[in-house]
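J.: Quick one: sequence and predicted model below, then my questions.
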Amino acid sequence: MGDIFIGRQAIYDRKQGVYAYELLFRPARQNTADVIDGDKATSNVIVNTFMEIGLEKIVGDKPAFINLTRTFFVEENTISLPRDRVVLELLEDIKADEEVVEGVKRLRQQGYTIALDDFIYHASLQPLVELADIIKIDVMALSHDEIRDHVALLRKPSLRLLAEKVETREELDFCMELGFDYFQGYFFSQPKIIQGRRLPNNRLAILKLLSRLQDPDITPEALENLIAQDVAFSFKILRYVNSAAIALPRKIDSIRQAVVILGMGLIRSWTTLLAMSQVDDKPTELVVIAMIRAKMAENMARARKEPDPDVYFTVGLFSALDALMDNSMEEILTQLPLAEHISEALLHHSGIHGKTLSCVLAYERGEWENIQCDTMDSTAIRDAYLAAVQWANETCQALIND
């Protein structure tokens with residue numbers, strides 16, 4: 001565990017209310033960036049914000065502006081952030097070549113808001129201007145006449161202008177008169193340093209593994225290769241497959257055979273359980289609780305003859321991720337490619353899966369007045385719970401414990 005830092009500077013609207021915050025790389029308490037490796041600095045800001053401290057703790061319900069280097073725009077699959085919570089800033093030193101323009105276009109089509117940082121107009125930047133939602137103009141880098149020219153050139157209904165590095169009342173009044181939409185600078189406030197504590201590295205690795213396991217497009221071959229990368233996982237799964245608890249008619253010798261005979265859903269669930277059990281500094285009992293929730297939700301779905309009971313298992317299992325990862329469920333779900341109805345069930349207990357999870361949690365806590373499980377009576381709910389407890393204890397001994 002170690003201290004981590006994020007710089008945060010407010011961005012204001014025309015009524016001088018906070019519109020958003022820009023998140024800045026800070027390696028220590030000192031309020032300077034000292035950036036040597038831009039890609040690493042951007043990665044640190046993203047990881048520290050979403051996986052360590054938590055976006056809500058830093059910006060509340062406001063949007064977060066995040067500076068991205070060229071790499072993050074041109075390489076696919078480098079960004080998995082909540083589209084409605086972030087604004088992606090294209091740094092001023094990035095050339096508007098074909099790769100960059102295509103990358104910006106792709107991200108904008110995916111629903112991200114794009115901002116151009118420290119912008120000084122040049123004809124070569126016009127393709128980016130056409131794609132941008134917000135343009136940030138450094139008022140210290142331009143004369144008043146140049147700022148007027150930029151506003152006249154850029155002003156259109158779909159484009160918002162942000163005056164940055166506003167340091168005096170006179171500069172604010174000047175930019176207000178020109179019609180800027182947003183304002184940022186030392187006149188309002190210096191960047192504030194937000195301090196947090198870093199999650200152990202293995203939690204980040206485990207969340208990455210969980211993300212790959214939950215990919216709906218994962219193939220049997222990819223699942224086999226993913227499990228095979230961890231010898232302990234492979235051994236434990238094969239040991240459990242061949243145990244008396246499964247009681248298969250013949251011995252299974254490989255992960256591929258296990259996938260073929262038992263199905264991807266079951267093997268993926270077991271691997272997910274193993275991954276969650278590897279979180280450092282967390283008691284095994286927390287994983288057992290997640291297992292009981294998962295199996296109880298699945299048992300209830302089977303009792304009601306619901307389709308895809310494995311989905312209920314996933315919802316129950318992941319309901320404990322926030323406690324395991326010491327982070328909010330909202331932040332964790334930005335890193336997991338779960339179907340929308342699963343995410344909604346976890347976040348808001350909505351839909352049939354969410355209602356089942358609510359029932360499971362109410363039973364777990366002894367909140368009998370809150371147990372509303374439609375067609376299931378109290379006896380059926382109790383049986384689903386007792387069967388889940390037995391399964392969790394047996395599975396934990398055979399699959400997780402050494």
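T.: In hand now; what should we look at?
J.: Please spell out which residues along stretch 382-399 are buried.
T.: The neighbour-count check on stretch 382-399 (16 or more other CB atoms under 10 Å) flags 383, 384, 385, 387, 388, 391, 392, 395, 396, 398, 399 as buried. C-beta here means a position set from N, CA and C on the backbone, and glycine is covered the same way.
J.: correct me, but the third one touches residue 297?
T.: No: taking contact to mean CB atoms under 8 Å, the distance of 10.4 Å between residue 385 and residue 297 leaves them out of contact.
J.: Return every residue with contacts to both of the two.
T.: Residues touching both residue 385 and residue 297 by CB atoms under 8 Å, 6 or more residues apart in numbering: none at all.
J.: Let me know the distance separating residue 183 from residue 136.
T.: Distance, residue 183 to residue 136, using CB to CB, to the nearest Å: 10 Å.
J.: Give me the common contacts of those two.
T.: With contacts taken as CB under 8 Å, 6+ apart, residue 183 and residue 136 have 162, 163, 164 as neighbours in common.
J.: Highest neighbour count among these?
T.: In terms of neighbours by other CB atoms under 10 Å, the shared contacts of residue 183 and residue 136 top out with residue 162 at 26 neighbours.
J.: Secondary structure element holding that one?
T.: strand 160-164 (DSSP states H and E).
J.: Residue 44 against residue 24, yeah?
T.: No: counting by CB under 8 Å, residue 44 does not reach residue 24; the two are 10.7 Å apart.
J.: Between these two, tell me which one has more neighbours.
T.: Remark: of residue 44 and residue 24, residue 24 carries more neighbours, 23 against 19, as counted by other CB under 10 Å.
J.: where's the more buried one, which helix or strand?
T.: In this assignment (DSSP H and E), residue 24 forms part of strand 18-25.
J.: Identify each buried residue in that strand, please.
T.: Across strand 18-25, burial judged by 16+ other CB under 10 Å covers 19, 20, 21, 22, 23, 24, 25.
J.: Mind listing the residues bridging to the second one?
T.: In this structure, residue 20 has the following beta-bridge partners (DSSP bridges): residue 11.
J.: show me what contacts it?
T.: The neighbours of residue 20, taking CB under 8 Å, 6+ apart as the test, are 10, 11, 59, 62, 63, 64, 65, 87, 182.
J.: Mind pulling up the pLDDT for it?
T.: Looking at residue 20, its pLDDT is 90.
J.: where's it relative to residue 12, distance?
T.: From residue 20 to residue 12 the distance is 9 Å (CB to CB).
J.: likewise the first one?
T.: Taking CB to CB as the measure, residue 19 and residue 12 are separated by 6 Å.
J.: need the helices for the stretch 301-402 of the chain, in chain order.
T.: For the stretch 301-402 of the chain, the helices defined by DSSP state H, counting those that start in this stretch occupy 309-318, 321-325, 329-333, 340-348, 351-365, 378-395.
J.: would you put the C-alpha positions of the fourth one in PDB?
T.: As requested, the backbone C-alpha atoms of helix 340-348 are provided in PDB (Å, rounded to 0.1, in the frame of the first residue of the first chain):
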ATOM      1  CA  GLU A 340     -26.600  -3.600 -19.100                       C
ATOM      2  CA  HIS A 341     -29.300  -5.600 -17.200                       C
ATOM      3  CA  ILE A 342     -26.600  -7.200 -15.000                       C
ATOM      4  CA  SER A 343     -25.000  -3.800 -14.300                       C
ATOM      5  CA  GLU A 344     -28.400  -2.300 -13.500                       C
ATOM      6  CA  ALA A 345     -29.100  -5.200 -11.200                       C
ATOM      7  CA  LEU A 346     -25.900  -4.700  -9.300                       C
ATOM      8  CA  LEU A 347     -26.200  -0.900  -9.100                       C
ATOM      9  CA  HIS A 348     -29.900  -0.300  -8.600                       C
END
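J.: okay, now residue 75: neighbour count?
T.: Other residues near residue 75 come to 11 when the count uses other CB under 10 Å.
J.: so how far is residue 256 from it?
T.: For residue 75, the distance to residue 256 - CB to CB - is 32 Å.
J.: Figure out which of the helices of the stretch 301-402 of the chain is closest to residue 277.
T.: Between residue 277 and those, the tightest spacing by CB to CB is seen for helix 321-325, at 9.4 Å.
J.: average pLDDT for the closest one?
T.: Mean predicted confidence for helix 321-325 is 80.
J.: elements contacting that helix?
T.: With contacts taken as 3 or more CB pairs under 8 Å, 6 or more residues apart in numbering; DSSP states H and E, helix 321-325 sits against helix 201-213, helix 284-303, helix 329-333.
J.: among these, which is the most enclosed?
T.: The highest mean neighbour count among the helices and strands packed on helix 321-325, using mean count of other CB atoms under 10 Å, belongs to helix 284-303: a mean of 22.
J.: Could you pull up the mean pLDDT of that one?
T.: Taken as a whole, helix 284-303 has a mean pLDDT of 87.
J.: by contact count, what packs against it?
T.: The contact analysis (3+ CB pairs under 8 Å, 6+ apart) places helix 284-303 against helix 264-277, helix 309-318, helix 321-325, helix 351-365, helix 378-395.
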